[in-house]
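K.L.:
The following block contains a protein sequence and its predicted model.
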Amino acid sequence: MDVFAIFVERVSNTLKSLYPEVSDDVLARLVVEPPRDPAHGDLSSNAAMVAAKPLGKNPREIATALAEAFKNDPDVTSVEVAGPGFINFRLAGPIWFAVLRSIWAQGADFGRTDIGKGERVNVEYVSANPTGPMHVGHTRGAVFGDTLAALMAYSGYDVTREYYINDAGSQIETLARSTLLRYREALGETIEIPPRAISGRLSGAGRRGAESEFGDSLLSRPDAEVIPLVKDRVLAAMLELIKADLAKLNIHHDVFFSERTLHGQGKEIDSTLDWLRSEGMVYQGRLEPPKGKTPEDWEDREQTLFRATDYGDDVDRPLVKSDGSYTYFAADIAYHRDKYLRGFKHMINVLGADHSGYVSRLKAAVKAVSHGQADMDVKICQLVRLMKNGEPFKMSKRSGDLVTLADVVEEVGVDATRFMLTYRRNDAAMDFDFALVKEQTRDNPVFYVQYAHARVCSIFRNAEKEMPGLDTSDAALRGAEFELLSSPAEAELIRALAQWPRTVTQASLAHEPHRVAFYLYEVAAAFHGFWAKGKEDIGLRFINTDHPKLTLARLALVGAVRQVLVNGLGILGVSAPSELS
RNA sequence: GACCCCGUAGCUCAGCAGGAUAGAGCGCAGGAUUCCUAAUCCUGAGGCCAUGAGUUCGAAUCUCAUCGGGGUCACCA
């Protein structure tokens, strides 16, 4: 149950009954939120202010009328009109205790919403070139996409997690050729390795794959015949490598979509271009070179262009390269048309900062292929700078290799990696300090939150030890007398828990999983704060051997904290340990 | 030259689809441990929300311009 959603509805209905002429537009802007200053009450609504202008009335007049109507609401103990026209509510105990009962009743589903209404959404993330292991630059997008997907699923969307394999380009060709050379070398031929070839370490997996499948039978056959065979082995090996890396972060995609399957005579790019032509979205024309910076090898030629400017892009985009093959974008149009035809009306793409220039053309493509029926949100993840003790940190000067995803996970662990990468807006650049992330102090939000969970578990362990006669089964906790939780500190903690469903809804609508991480930090802080109060005032301790009923009620509260932490950490893909080592 | 992102406390960042006196952590100054994990908590100092206009009852939030930082800019992916 979401008390905020409940009151949005009540306030809306009341407003409508008082002023039947209010428009839906006004109701859509009406919010009920926790006031910044708790002294203002439990809930606050802007209803009167958003309705004032359309109704041509004074906001305080509307607010007063609304407040009057709520005097009969049994869940409301006081209503006040404040400031320019805020309506501040103070809620009666029972509705807060109902929140606790709801947490116990719903368990893992407390906070789940149906705003997605079961609609399908495609979340595409990572989509790195299969030319090597995942490096640290991919990690942020991988974690962000995965967490966003989990959040959307928790919000009632039918989510498909998708990875687009860019396996059709020249880089793959190079990789296959390099691998073939390494294969010949490994089988005894003397080979001169060209300077731009991929390193032996990288091509090793593909080479071994080819060796084990073909033995030395490829040596005698011409390159043109053999390269496609090697390429298949290489791609398979690379994909396994990537999947294994992602698995280290507990990331698993539902669909791996190969770009190669779009290419070829009569395949999807062909048919998509035919379709685009039939829709008049393509023409032959010339492009102006970019102002201020004409590329060295600019060649002014007539080419096949997609009318991206009709769909909000800055310039029309080429579909065919000068050598006659398709551009990356042409394939991407076909790919996104494929997504649409598979039934996705909502699409989210997670891209790295270096692709920010690609966003408007991607949105244009989706708008075009769906005739405006599908929406596309592109989330850009900004760069991550690796740090160690406050100093920029670069690995391996010798080989020029990048820090890999596997390195990071091995160094700091899954939980810290995932939490820290989520504990920041995706569109802000961030520093990732190995030393800090590994530290187990309150500087580190991962451990701060996990510690809160561990503390909860510890309290239960102690309760069993100190009060062996107390029945702390779930059934007993559910039936606890929540009315005994009457101190301000308890009320504060319950209010924090009550915000969980609202947090999920808002984070989901905004496609901003970092809000979940920040919320969990707040819950942990409220809980740690309450815990410490037991130091000063023994009456506020969770375990009071003289008061079994109060102890049971407090344990039920603490159990509710645990549930919310577990639900939130679950979305983030971070574990909730029962004790910290 | 154009487009995208960012600019909030000394540092790192939040600020909830415009809302009341702008928040947290670190750092700094001070305090709490016979008692459920001090891996924690409490108190204090510290801000012209880059700058300037505009929109309105109200702007850190929306619009425009300027400055500063990052990213990108046919035929790479």
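P.N.:
Happy to help now that I have it. Residues are numbered from 1 along each chain as shown, chains lettered A, B, ... in the order given.
K.L.:
Report the contact partners of A:Pro38.
P.N.:
Contacts for A:Pro38 (Cβ atoms under 8 Å, 6 or more residues apart in numbering) come out as A:Glu492. All C-beta spots, glycine's among them, are computed from the backbone N, C-alpha and C.
K.L.:
Which positions in stretch A:268-283 come out as buried?
P.N.:
Going by neighbour count (16 or more other Cβ atoms under 10 Å), the buried part of stretch A:268-283 is A:268-270, A:272-273, A:275-276, A:281-282.
K.L.:
nearest to RNA strand B, of those residues?
P.N.:
A:Ile269 (12.5 Å; Cβ to the nearest atom of the strand).
K.L.:
can you give me how far the strand or helix carrying that closest one is from the chain middle?
P.N.:
Element membership for A:Ile269, per DSSP states H and E: helix A:268-278. On the basis of Cα atoms, centre = their mean, to the nearest Å, helix A:268-278 sits 33 Å off its chain's mean C-alpha point.
K.L.:
Is any residue of it near RNA strand B?
P.N.:
No. Judged by Cβ under 7 Å from any atom of the strand, helix A:268-278 and RNA strand B are separated, with a smallest distance of 12.5 Å.
K.L.:
next helix or strand past that helix?
P.N.:
By DSSP H and E, the next helix or strand past helix A:268-278 is strand A:282-285.
K.L.:
send the alpha carbons of that next one over as PDB?
P.N.:
Output in PDB follows, covering the C-alpha atoms of strand A:282-285 (Å, rounded to 0.1, in the frame of the first residue of the first chain):
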ATOM      1  CA  VAL A 282      14.600   7.800 -48.200                       C
ATOM      2  CA  TYR A 283      16.100   9.900 -51.000                       C
ATOM      3  CA  GLN A 284      19.300  10.300 -53.000                       C
ATOM      4  CA  GLY A 285      21.000  13.600 -52.100                       C
END
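K.L.:
Report whether that strand contacts RNA strand B.
P.N.:
No. Residues of strand A:282-285 contacting RNA strand B under Cβ under 7 Å from any atom of the strand: none, with a closest distance of 11.5 Å.
K.L.:
strand partners of that strand, parallel vs antiparallel please.
P.N.:
strand A:303-306 (antiparallel) (DSSP bridges).
K.L.:
Close to RNA strand B: what parts of the stretch 101-250 of chain A are there?
P.N.:
Neighbours of RNA strand B within the stretch 101-250 of chain A, by Cβ under 7 Å from any atom of the strand: A:129, A:166, A:168-171.
K.L.:
out of those, which are inside helices?
P.N.:
Mapping those onto helices (DSSP state H) picks out A:170-171.
K.L.:
Is RNA strand B within reach of the least confident helix or strand in chain A by mean pLDDT?
P.N.:
Sorted by mean pLDDT, DSSP states H and E, the helices and strands of chain A end with strand A:391-392, the least confident at a mean of 70. No. Strand A:391-392 lies out of reach of RNA strand B by Cβ under 7 Å from any atom of the strand, never closer than 12.1 Å.
K.L.:
is it true that A:Ala149 touches A:Arg161?
P.N.:
Yes. The criterion here is Cβ atoms under 8 Å, and A:Ala149 meets it with A:Arg161 at 5.0 Å.
K.L.:
what sits in contact with each of the two?
P.N.:
Shared contacts of A:Ala149 and A:Arg161, defined by Cβ under 8 Å, 6+ apart, comprise A:123, A:125.
K.L.:
Which one's more surrounded, those two?
P.N.:
A:Ala149 (27 against 21; other Cβ atoms under 10 Å).
K.L.:
just to confirm, which helix or strand has the more buried one in it?
P.N.:
Assigned by DSSP H and E, A:Ala149 falls in helix A:136-154.
K.L.:
As a check, name the ranges of all strands in the stretch 201-350 of chain A.
P.N.:
A:255-258, A:282-285, A:303-306, A:317-318, A:346-352 (DSSP state E, counting those that start in this stretch).
K.L.:
Looking at those, which is nearest to A:Gly41?
P.N.:
For A:Gly41, the closest of the strands of the stretch 201-350 of chain A is strand A:346-352, at 36.7 Å, according to Cβ to Cβ.
K.L.:
For the closest one, which strands pair with it and how are they oriented?
P.N.:
strand A:120-124 (parallel), strand A:375-381 (parallel).
K.L.:
contacting residues around it?
P.N.:
A:119-126, A:137-138, A:141, A:144-145, A:148, A:152, A:157, A:336, A:339, A:358-359, A:362, A:366, A:374-381, A:383, A:426, A:511.
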